[in-house]
Structure formats: C-alpha cells, structure tokens
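1. Model the following, please.
(one chain, ligands or ions: 1)
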Amino acid sequence: MATTAAAMAATSVVVLDRGNNTTCTINLHGATVVSWRVNNQEQLFVSKLASFDGKKAIRGGIPFVFPQFGPWSFGPQHGFARITRWHLERAPDRLHNGDVEAIFSLMDNEFTRSIWNYQFRITYRLILREKELHFHIGVYNPSKELSFSFNMLLHTYLKVPDVRRCQITGLHGCHFIDKTRENALYQEGREVVTVNEWTDRIYQHTPQEHVITNVVSGRKMRLHKYNFPDTVIWNPWIDRSREMSDFGDDEFPNMLCVEAGNVTSPVILLPGTAFEASQILQIIIEGNVSRKTKRNR
Ligand code: BG6
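-> Here you go, the predicted model:
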C-alpha cells in the first residue's frame, strides 16, 4: 500500500482497503473504528450527530474503553483512551493472503498521567479480512515497581435495521448487573436476549461467542472474544436518546451495542507484565447450501 505512516500521521483517519468495497476506517481520535464496510455495506452504526471535534468520544463505531468502564472519580466516563489521539504504529499493509492490517498504539503521556499516574503501553492491531474484522490488543506495564488495574472494553455499535428484531445468543444462565434497575443482579432466563426497551446490562462470565441476528441485510453477526469475560448490552431507547446531545432522538432502533470487555473484575497488571485480549466480528453467510438443495430437487 502506497500510504506511509508519516503521511498518515498528518491526517486523523486511517483506511484499510481490502478491495471489493470492503474497507475499515479508523479515526486516530480514540483509535475509534468509525466504519466497517463489507462489499459496500456498512456494518457499524455512527450517529448522524456524532462529534468529530477531537474532544468528545465519537458516538458510534467502536470506541476503545480504557482504563475505566463507566463513571470515574479521576477522569471522564469510560476512561481517556477513547478521547486521546493514538499513534499509527504500522500503516495499512497487505498480507500475503490479501488481508490488510494496521497497528495503533497508545502510551502514557502528560494528559493520561494527570488523570491516572501510571506508565502503560497499548498496541491495537486490526486485521480486515473478507467478511471479518479482527482486533488484537496488548497492554504492557513497563514500570519496575508499580502494578495497576484497569477495565477495558470494545464498545461496538452494530448497525441494525430494527433493534426489536435482533436476538443475541450466549447469555442464557449468565448473571447480569442491570444498570436500569439500580445495579441489581439477576440471572438471564431467556435462550436468546431481545431488546424492547431501555437496556443497559453487564453480563458476567459470558461464553466466547455471541451471535446477533438481523443485523444489516437480515444477516447474522458472530462476535468471538478471548480474555473478555463480560458482555455489555446497551440501547438507550427513547428517553435516554433525548438526553444525549450527540445522538438523534430517532436513531435508537438502528443500533445495538454488544460490548466485549473486562468490566466487573478489573485486570491487575504487575510490573513488567503484559495482558492480551482479542475479538473477531464475522458476518455469517448463510443460504448457499439450501438454495442448491432446492435447485436439485
Ligand atoms: C454503555 C454503558 O457501555 O455505554 C451505559 O453501559 C452508557 O451506561 C453507554 O450509557 C454510553 O456511554 P457514553 O459515555 O458513551 O455516553
């Protein structure tokens, strides 16, 4: 790929282009994935009122939550990583199999230390495949003396035609903290979870895989995660949408947040050690087999 890291450093957006109108766009503000198009179909929701002023978190796409999930007495809600400019460590590069990867990084700086006085280094590697987007995260603690603990979460906003028609698998039997009911703890009794009202739940010890039905074009999306024990399900619905200045009042039916993370038990990182986690989003293509079978009848 022609673009160099130096050329891209001047811009705020990095594009991975796999051909066939399959692209992934990352805004260096928060290393926020702001678009993932597969054969020209956008898979992620970004609000029409999202702010790109480099101050607020971008409302939509996949903001990177670190080192805090939720409100924080030391600093901004959901931490500083989503409002800090990241560094492009490796410009988009085509791999031998046609996939395209790029690597982003974030290190402690004056701003982060003024909020949270620890040294850290995060590398965030994204790989765009034909129908998949891979996320590999490493956090390193370079300190010789100090440990730190952190939350981390990929705040994925899926674009959906109608959230009321989506089903989420893999949550049956899991305990969840319901933020809409004063953080009470419940156990999920449904085989598949649906969203028909304001929903803000932290499901704990969830399995490595969820399938979300009825995403773009009525397809299914698989979310596979490693070292992310919690799954947050969020949709603000009508009243909460009105309270957000960067979210349209009528947009809630078109998004569903399914967020993989370490939320309820923070990760503790000892001096000189590293933590790794990853996620894969995969569009499930169905129908070929059954169409063939029908034709052969
Ligand atoms: C979710 C939280 O992850 O993010 C919700 O569970 C929160 O409580 C939502 O409202 C959006 O947060 P923010 O800071 O981007 O408005």
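
2. can you give me the strands in the stretch 151-297 of the chain?
-> Ranges of strands in the stretch 151-297 of the chain, per DSSP state E, counting those that start in this stretch, are 157-159, 175-178, 184-187, 199-203, 209-212, 220-226, 230-235, 255-269, 274-284.

3. Which of these sits closest to Ala91?
-> strand 274-284 (21.2 Å; CB to CB). Using the backbone N, CA and C atoms, a C-beta is placed for each residue, glycine as well.

4. Quick check: buried residues in the closest one?
-> Under the neighbour-count criterion of 16 or more other CB atoms under 10 Å, strand 274-284 has Phe275, Ala277, Ser278, Gln279, Ile280, Leu281, Gln282, Ile283 buried.

5. and which of the residues you listed is nearest Leu269?
-> Phe275 (5.7 Å).

6. out of everything not next to it in sequence, what's closest to the closest one?
-> Nearest residue to Phe275 in three dimensions, chain neighbours excluded: Val139, at 4.6 Å (CB to CB, 6 or more residues apart in numbering).

7. That neighbour: which element?
-> Under the criterion DSSP states H and E, the helix or strand holding Val139 is strand 132-140.

8. How about the residues of the stretch 101-250 of the chain by the ligand?
-> Within the stretch 101-250 of the chain, the positions near the ligand by CB under 6 Å from any ligand atom are His155, Lys179, Asp200, Val232, Trp234.

9. quick one: which of these has the most company?
-> Val232 (26 neighbours; other CB atoms under 10 Å).

10. beta partners for that one?
-> With DSSP bridges as the criterion, Val232 is bridged to Ile202, Glu259.

11. can you list the weak-confidence ranges in the protein?
-> Along the chain, the parts satisfying pLDDT under 70 run over 1-11, 287-297.

12. where along it do the helices fall?
-> 5-9, 110-115, 237-243, 288-296 (DSSP state H).

13. How many residues are close by the closest residue to the ligand within the stretch 1-150 of the chain?
-> Nearest residue of the stretch 1-150 of the chain to the ligand: Gln77, at 4.3 Å (CB to the nearest ligand atom). Per other CB under 10 Å, the neighbour tally for Gln77 reads 13.

14. excluding its backbone neighbours, what's nearest it?
-> Nearest one to Gln77, counting by CB to CB, 6+ apart, is Pro71 at 5.3 Å.

15. go on, Asn141?
-> Using CB to CB, 6+ apart, the closest residue to Asn141 is Leu269 (4.3 Å).

16. Quick check: the gap between Trp198 and Ala184.
-> Using CB to CB, to the nearest Å, one gets 15 Å for the distance from Trp198 to Ala184.

17. same check, this time on Thr194
-> Thr194 is 20 Å from Ala184, by CB to CB.

18. Identify the bridge partners of Thr123.
-> Ser105, Gly138.

19. Pretty sure Ala102 is one of the things it touches, is it not?
-> No: Thr123 is not in contact with Ala102 according to CB atoms under 8 Å; the separation is 11.2 Å.

20. neighbour count winner among those two?
-> Comparing Thr123 with Ala102 by other CB under 10 Å, the one with more neighbours is Ala102, at 24 against 19.
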